[in-house]
Structure formats: C-alpha cells, structure tokens
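>>> Please work out how this folds:
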Amino acid sequence: MIRIALLMLCAVAANATAAPLTVKVVLASEPSLNATSTLLLGEKDAVLVDVPFTRSDGHRLVAEVLETGRTLRTIYISHDHPDHFLSLEVLAEAFPNARIITAGPVVDDIWRSLPLKIKRWGPMLGANGPRHPVVPEALAGNSFTLEGNEIRVLGPMQGDHVHATALWVPSINALIAGDLLFADVHLWLGEHSPAQRTAWLGVLDQFDALKPAIVVAGHRPPGVPDDARSLKFTRDYLVAFEAEVKASKNSADLIARLKKRFPQAHDYIDGFILNNSAQV
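Sure thing, here's the model as predicted:
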C-alpha cells in the first residue's frame, strides 16, 4: 500500500510539473473555405486536427508544422467533408511517421464518398487537387494522448455532417469543434432535415456544459477569435434558419433574409454554402 501511494504521489508530481499544451490555429485561404487546422503543441511533439481542401494550403500547413519545431505524431480528421481532409496526401508525404486517424464511422464515410468527391472537385481543383488520396485509419477507442495529456473524441454526432466529431482536451479546457461550430460563416445546411437541425442544437447544449476556454470552429474568417462566440453564432444561426424557412416564399427569399440577419457571415465558391443550403 505504501509503494502504491508513493507511485501515485510521483505521478501527481510529474503531471504538476509537465508543461501545458498550447494551441495554434492555422487558417486556410478562401479557396479552402477558410477552414481551420489546429495544432496541439507539447514540449516536443504535436497533434494536428484537420487539413485543408487544396494542395497549396496543404503545403502552407506543412510549413506551419515544421516551424513549430515539434515532431508531428498524429493527424486527426474530424469528419468526411473534403475541405477538412482532401490535402491529406501532402501532409502524409511530409510527415510519413505521423499516424492519421479518425472515428470509425468517419473512415467508412470517406471510403464511401471519396470517388464522388474526386469526380466532383477534381476538375475544378486541377493540379491543386489530390493525386493519391489518403484515407485515415480508425481510432481504437475514443481517446488518445499527447505527452500524457488526454484528447477525447466527442461523437460522431450531428453537426454540418451527420457523423461530425470534435476533440476535447480537458487539461486546457480546449474544444476543437470541427464543423460542429462556425464563426461568422454561413452554416452548411445542405444535408439536413428539420430533425437534424434540432439535433445539432442539442449538441450545442453539450458543448455549453463543458464551459470551454478555447473553442476552435471549423470555419472562420481571419481575425475572429477562437473562443465561445462561435457557440453563440452557431446557435443563433440555427434558430434563425428555422424561423426564416417558415417565413420565406422560396430559396431566393430565404437567402436574402439570412444575409440580412447575418451581414457579417462569409460564404465561398460563389455562394456555394448559402445557396445550396437554401435550395435544399
């Protein structure tokens, strides 16, 4: 019993003296829809969450990782949408020893939808698109670690994708939310029924209960802080969308109403997000 107590005290002391993780958010360009990639940085090692849409933004992200001076141990992909994983081959080539993981259902989603994504986006991206697409492996369990710090996988659950996931880092109260949260960007609602939009609101209640100090949304324009305001924006948008759908005569009317309600909200690829969401 004495030996066990001593071991526990040593473990507590080691945790107390360990340097806390830090967070660095790398924002992709507008052609990559201002998607966020997040670096969780330890003293020597790092975890990367999500990678951009285009090869060019993927190469810029490689430079950001190299400049941290850390060894990239893990790349985690939050969900199936291409603006969060399509440049994976660039990162895999630059960091061949990093494991690339996600939740099991997300792996299945990517394998199922990848041919369609390549057919749809390949001609538009051209040389800036994938040459040898990479698919993550399934994570065993629902957590992994970085220098002894637990990183929990939340989900899959309903966000802008039915199998969206987020990461929770309890040691620093950080929520890396992927496309479960948006900040001053129109929400992608092009795959949703009213029940799914309601389910998304329920997920936001779970996030509020965590009381996160750091909150990284899946998309945000430059200059928007990585904090809880994305929780409010996402909730306000979902509530407004329901009200404006009921009040609108058609999709054009809905688009105009949402632009008026959220004049600061960004869109990309000639209004791809809002136009498709309204039409669906």
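
>>> give me the low-pLDDT residue ranges for the protein?
Within the chain, the stretches with pLDDT under 70 are 1-18.

>>> Name the single longest helix found in it.
Scanning the chain for the longest helix, with DSSP state H as the assignment, gives helix 104-125.

>>> which parts of that helix are buried?
105-107, 109-110, 114, 117-118, 121, 125 (16 or more other CB atoms under 10 Å). (Glycine included, C-beta is placed from N, CA and C.)

>>> Please export the C-alpha coordinates of that helix as CSV.
The C-alpha coordinates for helix 104-125 follow below in CSV (Å, rounded to 0.1, in the frame of the first residue of the first chain):
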residue,chain,number,x,y,z
GLY,A,104,-14.6,4.5,-37.3
PRO,A,105,-17.8,5.9,-38.9
VAL,A,106,-15.8,8.7,-40.5
VAL,A,107,-13.4,6.2,-42.1
ASP,A,108,-16.4,4.4,-43.6
ASP,A,109,-17.9,7.8,-44.8
ILE,A,110,-14.7,8.8,-46.5
TRP,A,111,-14.2,5.5,-48.3
ARG,A,112,-17.8,5.5,-49.5
SER,A,113,-17.9,9.1,-50.7
LEU,A,114,-14.3,9.6,-52.0
PRO,A,115,-14.9,8.6,-55.6
LEU,A,116,-17.8,11.1,-55.9
LYS,A,117,-15.7,13.8,-54.2
ILE,A,118,-12.8,13.3,-56.7
LYS,A,119,-15.2,13.3,-59.6
ARG,A,120,-16.9,16.5,-58.4
TRP,A,121,-13.9,18.5,-57.2
GLY,A,122,-11.0,17.1,-59.2
PRO,A,123,-11.8,19.0,-62.4
MET,A,124,-12.2,22.3,-60.5
LEU,A,125,-9.0,21.9,-58.5
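
>>> Give me the distance between that helix and the centre of its chain.
17 Å (CA atoms, centre = their mean, to the nearest Å).

>>> by contact count, what packs against that helix?
In terms of contacts (3 or more CB pairs under 8 Å, 6 or more residues apart in numbering; DSSP states H and E), helix 104-125 is packed against strand 137-138.

>>> what does the strand it packs on contact?
By CB atoms under 8 Å, 6 or more residues apart in numbering, the residues outside strand 137-138 that reach it are 99-104, 107.

>>> Now which of the residues you listed would you call buried?
100-103, 107.

>>> picking up where we left off before, residues making contact with the longest helix of the chain?
Under CB under 8 Å, 6+ apart, the answer for helix 104-125 is 53-55, 77-80, 82, 85-86, 102, 129-130, 133, 135-139, 156, 161, 163, 165.

>>> Of these, grab the buried ones for ChimeraX.
In ChimeraX, a selection of the buried entries from the contacts of helix 104-125 looks like this (16+ other CB under 10 Å):
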select :53,54,55,77,78,79,80,82,85,86,102,129,130,133,136,139,156,161,163,165
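
>>> Please flag which of the contacts of helix 104-125 sit within helices.
Under the assignment DSSP H, these contribute Arg55 to helices.

>>> So which of the contacts of helix 104-125 are in strands?
Counted as lying in strands by DSSP state E, out of these, are 102, 137-138, 156, 165.

>>> what two of those residues are the furthest from one another?
Farthest-apart pair in the ones in strands among the contacts of helix 104-125 is Glu137 and Pro156; separation 15.9 Å (CB to CB).

>>> show me the contacts for Leu91.
Counting by CB under 8 Å, 6+ apart, Leu91 touches 48, 51, 58, 61-62, 65, 75, 98, 100.

>>> got a markdown table for those, with distance to Trp200 and secondary structure too?
Formatted as a markdown table, these follow (distance: CB to CB, whole Å; DSSP: H, G, I helix; E, B strand; the rest coil):
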| residue | distance to Trp200 | secondary structure |
| --- | --- | --- |
| Leu48 | 25 | strand |
| Val51 | 24 | coil |
| Gly58 | 28 | helix |
| Leu61 | 28 | helix |
| Val62 | 33 | helix |
| Val65 | 31 | helix |
| Ile75 | 26 | strand |
| Ala98 | 31 | coil |
| Ile100 | 27 | strand |
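
>>> nearest to Pro31, of the residues you listed?
Of all the contacts of Leu91, Gly58 has the smallest distance to Pro31: 11.9 Å, by CB to CB.
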